[in-house]
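Asker: attaching a predicted model along with its sequence, questions to come.
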Amino acid sequence: MINCTTVAGLRGACDAARLDQRSVGFVPTMGYFHAGHRSLMRMARTANELVVVSIFVNPLQFGPTEDLSAYPRDLARDIEMVESEGVDVLFVPTVDEMYPEPTQTTVHVAGLTEGLCGAARPTHFDGVTTVVAKLLSMVGPCRGYFGKKDFQQLAVVRRMSAGLNLPVEIVGCPIVRESDGLAMSSRNSYLSEFERSAATVLSKALFWASETVVRGERDPQRVIASVRQVSILEPTVELEYVEVRSVGDLSTLDALDGDVVVAVAARVGGARLIDNCTLSIRGDDVRVDLGVLVHPSIERIPTCNE
């Protein structure tokens, strides 16, 4: 594995692969890996000859009162994981390497960033799009792999890439869940045992909401109410929002039809957690995507094809 810390080193490795007619798959991360990250690496490996992973805790996407300094980090453990997944290039830049001068150029995606998580974190997505645009320009033509747990982020990155005519294909991969349904997140490490148990109410609420749609409910407000009805059973979980939106442009809906996402954000102790499920609705036919489960006794992690 090539372990590089400079933009020049990253570009050189990717350019060399493409000159050799090898395709490049790229997984941008903030590290502290779990099975969800590993599923992205595995999907990248199935479709590309060169797999690149970056680890960079991006200060631009954290607000002044958010958890930048406390965000979990364990580089030695992360390196072991990427090596075990057969990653070819690991890019671990410093802040000075990514932002050698005070940041004067940022990337903003209008519309998609203004609701959902953008309402509570107004500077967050400009930080995300700026760093992702920089990373994609460094890697060059590639496939970029992003998890669907950060559904708004995936939509924003897709819009940004299309709007800037970047030579990349953005690939969305399923949410990976613990065996009890909790969506995997690096921030789960903030949770106490009691809080972690309480947090599973989010996936339970989404499951119940999807069941109401399967049974014929098409009123978004009633679906939202069903999520709140289940979530209230855990007072430790403080809902920030429950929204039902169109998958394509994250617009609000008068009635459920087509491709829909039910998204939640909540505070659980010191952690802010997000989760979602997507539904494809065609008349009475409803297809639900809640992601995939990983049982702790099973080392094999599903890829995005499963």
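Answerer: Received it, and whenever you're ready, just let me know what you need.
Asker: hey, where'd the strands end up in the stretch 101-250 of the chain?
Answerer: Counting by DSSP state E, counting those that start in this stretch, one finds strands in the stretch 101-250 of the chain at the ranges 142-147, 168-173, 176-177, 237-246.
Asker: so what's the residue most central in space within the chain closest to, chain neighbours aside?
Answerer: In the chain, the C-alpha nearest the mean C-alpha coordinate belongs to D150, at 3.4 Å (CA atoms, centre = their mean). Once flanking residues are discounted, D150 sits nearest to I274: 6.9 Å by CB to CB, 6 or more residues apart in numbering. The way it works is simple: take the backbone N, C-alpha and C, and place the C-beta from them, glycine included.
Asker: elements contacting the helix or strand containing that neighbour?
Answerer: Using DSSP states H and E, I274 falls within strand 271-282. Contacts defined by 3 or more CB pairs under 8 Å, 6 or more residues apart in numbering; DSSP states H and E place strand 271-282 against helix 193-199, helix 201-214, strand 258-268, strand 285-289.
Asker: so which elements touch the first one?
Answerer: Of the remaining helices and strands, those touching helix 193-199 by 3+ CB pairs under 8 Å, 6+ apart are strand 258-268, strand 271-282.
Asker: to T65, which of those lies closest?
Answerer: strand 271-282 (11.5 Å; CB to CB).
Asker: in its sheet, what does that closest one sit against?
Answerer: Strand 271-282 pairs in its sheet with strand 258-268 (antiparallel), strand 285-289 (antiparallel), by DSSP bridges.
Asker: so which of those strands is nearest Y145?
Answerer: Checking the strands paired with strand 271-282 against Y145 by CB to CB gives strand 285-289 as the closest, at 16.8 Å.
Asker: give me the buried positions along that closest one.
Answerer: By neighbour count with 16 or more other CB atoms under 10 Å, strand 285-289 contains the buried residues V286, V288, D289.
Asker: got a list of contacts for that strand?
Answerer: K148, P174, S210, V213, V214, C277, T278, L279, S280 (CB atoms under 8 Å, 6 or more residues apart in numbering).
Asker: which of these sit farthest apart?
Answerer: K148 and V214, at 19.5 Å, using CB to CB across the contacts of strand 285-289.
Asker: more neighbours: those two, which one.
Answerer: Legend: neighbour count by other CB atoms under 10 Å for K148 and V214, higher for K148 (22 against 15).
Asker: mind listing what that one touches?
Answerer: L154, G172, C173, P174, I175, N276, T278, D289, G291.
Asker: look up phi and psi at it.
Answerer: Backbone dihedrals for K148, given as degrees, to the nearest 10, come out at phi -80, psi -10.
Asker: for it, report the pLDDT, please.
Answerer: As predicted, K148 sits at a pLDDT of 97.
Asker: what's the angle from the longest helix anywhere in the chain to strand 168-173?
Answerer: With secondary structure taken from DSSP state H, the chain has its longest helix at helix 124-139. Inter-element angle recorded for helix 124-139 and strand 168-173: 120 degrees (by axes from the mean of the first three to the mean of the last three CA atoms, to 10 degrees).
Asker: report the inter-axis angle for helix 124-139 versus strand 142-147.
Answerer: Inter-element angle recorded for helix 124-139 and strand 142-147: 150 degrees (by the same axes, to 10 degrees).
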